[in-house]
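Undergrad: Got a sequence here, can you build the structure:
(chains A and B)
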Amino acid sequence: MAVDQATVRRIAHLARIKLAEAEVPHLADELNSILAFVEELSSVDVTGVEAMTSVMPMQLYERQDVVNDGHIADKIVANAPASEDHFFVVPKVVE
Amino acid sequence: MTDLTELTLAAARDALAKKKLSAVELAKAQIAAVEQGRALNCFIVETPDLALTMAAEADKRLAAGAARPLEGIPLGIKDLYCTDGVQTTAASHILEGFVPTYESTVSANLWRDGAVMLGKLNLDEFAMGSSNETSYFGPVVSPWQRPGSNVKIVPGGSSGGSAAAVAARLCYGATATDTGGSIRQPAAFTGTVGIKPTYGRCSRWGIVAFASSLDQAGPIARDVRDAAILLRSMAGYDPKDSTSVNRPVPDYEASIGTSIKGKTIGIPKEYRLDGMPAEIAKLWDDGVAWLKAAGAKIVEISLPHTRYALPAYYIVAPAEASSNLARYDGVRYGLRVPGKDIIELYENTRAAGFGKEVRRRIMIGTYVLSAGYYDAYYVRAQKIRTLIKRDFETAFADGVDAILTPATPSAAFGQGEKGSGDPVEMYLNDVFTVTVNMAGLPGIAVPAGLSSEGLPLALQLIGRAFDEETLFSVASAIEQAAPKIALPPKWWA
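TA: Below you'll find the model as predicted:
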């Protein structure tokens, strides 16, 4: 399953990373090198094997349905590059 | 006392308890060492004022006879742990200037027990790397050098700042994290001790996430006892991490020096790789001989799916990373690079904010999770993970108490020597450590000798889930038997 340059551009867009055109061929080579490395896995017989979902046999517990935190809006926006009245500010999304 | 920085954590603790020195004296000595050690680039942020304030508080406690387990001990914190009011970057440009308003559970546990913070330690960007060369803040330099050479040696990664700082005696111990070997490989490269505990033993809350099903916190320390002391304080149940495990934390230090007579140590034949350097094979044989002499029973075991662990890791870890790192979008924290609309803002921010290796892994992760490939890559890799774990379970069910392997396939290398042409070359560093993360088990790296080039080499012990005590016991037997290795003179100071 070799990755071509169109796929690299598509993946970069899905990952929301802008790519310079000049980076595309090199990145395609690197991704193909990594995919060639993992190709070996296709030879393993995995019939009847369950995919791992939790590495330790544990049951997720339920938390108490209570308010245990809050009123920290100042802290939440403290690191925002742009905020106003405790809102995060972004470019206009809806016309 | 001549040089306070030469003490182990345990010795410093005992000297404080006996009032032979004060926490402020100790902190001052370490602050000076940190300043003199700047050529190693271990710290991204130094917090000397905070250290002195915490040390003064520790002295009050010591004077009042109310000392806590780590009272007055200066430590470094890997810059992947969020620290309240102190910049936390994950060594990434995208988080430069981020000042958390909360404290990670593990670092909070250390402060609860009286430890003193010296600063935030450098690492590979988002903990992705095996040489500390991917940090936005520049590579960390190992205090080790090849005799007669001034080539800069890498400290390993991703916890390279932690390992180099402990090795160079800039702190008495450090926090680290391990997703595929990021505690054990740098510990091995720097002649320090590093333990990755069982998945769930330490809380991940407040630690910048890389691959959530693999990440675990653990200490890097000067010796096995110090690692045991630190892990006891770091470990424990945390309701804020639903994968942390609610079981008591043992007194790990009590395991140090206990007899290993009658313990069964497994030697996995699949780890004897084709082309394994003779000195690594010899180190492994030495380890076997030491444990045999200490009364352990040695058995050969088989872990048949070993060779698939690293390729499966390079699907699972990037997949989880691509998802975890989606949060860095220039909106809530960190870097923001404007764009004509919000999509372009995301794309510009992430292109400028992430380094090459991080972008590469996000891309691979996005690819293997994308429509049409999810089953072929991700689900298959998770099935193989089940097989890897089953291999270990079979070995332990057959009566093996711990497994002995080399920690790394080679000694540390020079800056720029690996991975520049092909990223996979760098990934191979983790071939012996990554299986342990895939199976969620505890693993410890212990110094065991020097390479032909005069650089540290280590052995790894792998244990049953939540049986860190056996690892500390067997590791201390190796420590006793192994030749003592000495750091070169302080060329950096």
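Undergrad: May I have the predicted confidence score for the residue nearest to B:Lys261 when sequence neighbours are not counted?
TA: With sequence-adjacent residues excluded and distances taken as Cβ to Cβ, 6 or more residues apart in numbering or on different chains, B:Lys261 is closest to B:Gly295, at 3.3 Å. Every C-beta, even on glycine, is put in place using the N, C-alpha and C of the backbone. pLDDT recorded at B:Gly295 is 98.
Undergrad: Contacts only, for B:Gly295.
TA: B:Ser259, B:Ile260, B:Lys261, B:Gly262, B:Lys263 (Cβ atoms under 8 Å, 6 or more residues apart in numbering or on different chains).
Undergrad: Sort out which one of those residues lies nearest B:Val154 for me.
TA: B:Ile260 (33.0 Å; Cβ to Cβ).
Undergrad: Assign a three-state SS to the closest one, would you?
TA: Classification of B:Ile260 using DSSP: H, G, I helix; E, B strand; the rest coil returns coil.
Undergrad: What is the neighbour count of it?
TA: A count of nearby residues for B:Ile260, using other Cβ atoms under 10 Å in any protein chain shown, gives 22.
Undergrad: One more: the one 3 residues further on?
TA: For B:Lys263, the neighbour count with other Cβ under 10 Å is 20.
Undergrad: Show me the shaky parts of chain B.
TA: B:1-2 (pLDDT under 70).
Undergrad: center of it, which residue is that?
TA: By Cα atoms, centre = their mean, chain B has its centre lying nearest to B:Ile183, at 1.9 Å.
Undergrad: Quick one: the helices in chain A, in order.
TA: Along chain A, the stretches classed as helices by DSSP state H are A:5-14, A:24-38, A:73-77.
Undergrad: a markdown table for those, including distance to B:Leu26 and mean neighbour count?
TA: Shown next, in a markdown table, are the helices of chain A (distance: least, Cβ to Cβ, whole Å; neighbours: other Cβ atoms under 10 Å in any protein chain shown):
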| stretch | distance to B:Leu26 | mean neighbour count |
| --- | --- | --- |
| helix A:5-14 | 50 | 17 |
| helix A:24-38 | 46 | 17 |
| helix A:73-77 | 33 | 13 |
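Undergrad: Any idea which of these gets closest to B:Thr349?
TA: Closest to B:Thr349 of these, according to Cβ to Cβ: helix A:5-14, at 13.7 Å.
Undergrad: still on that earlier bit, wouldn't the residue nearest to the centre of chain B be in contact with B:Val193 here?
TA: No. Contact status for B:Ile183 versus B:Val193: not in contact, 9.7 Å apart, counting by Cβ atoms under 8 Å.
Undergrad: got any residues that touch both of those two?
TA: B:Ile220, B:Ala445.
Undergrad: for B:Leu118, phi and psi?
TA: Dihedral pair for B:Leu118: phi -90, psi -20, per degrees, to the nearest 10.
Undergrad: tally of neighbours for it?
TA: 29.
Undergrad: on that earlier part again, distance of the residue nearest to B:Lys261 from B:Ala481?
TA: Distance from B:Gly295 to B:Ala481, counting by Cβ to Cβ, to the nearest Å: 12 Å.
Undergrad: now the closest residue in space to B:Glu96 that isn't next to it in sequence: how far from B:Arg332?
TA: Excluding its sequence neighbours, the residue lying closest to B:Glu96 (Cβ to Cβ, 6+ apart) is B:Thr89, at 5.6 Å. Distance, B:Thr89 to B:Arg332, by Cβ to Cβ: 15 Å.
Undergrad: what's the answer for A:Asn79, then?
TA: Distance, A:Asn79 to B:Arg332, by Cβ to Cβ: 7 Å.
Undergrad: Would you mind listing where chain A has pLDDT under the threshold?
TA: Within chain A, the ranges that satisfy pLDDT under 70 run A:1.
Undergrad: Recalculate using a threshold of 90.
TA: Applying pLDDT under 90 to chain A flags residues A:1-2, A:56-64, A:68-69, A:92-95.
Undergrad: Let me know the outermost residue of it.
TA: Chain A, Cα atoms, centre = their mean, max distance from centroid: A:Val66 (30.1 Å).
Undergrad: I'd say B:Ala29 and B:Glu6 touch.
TA: No. Assessed by Cβ under 8 Å, B:Ala29 is found out of contact with B:Glu6, at 9.8 Å.
Undergrad: Comparing those two, which shows the higher neighbour count?
TA: Neighbours were counted for B:Ala29 and for B:Glu6 using other Cβ under 10 Å; B:Ala29 has more, 20 against 12.
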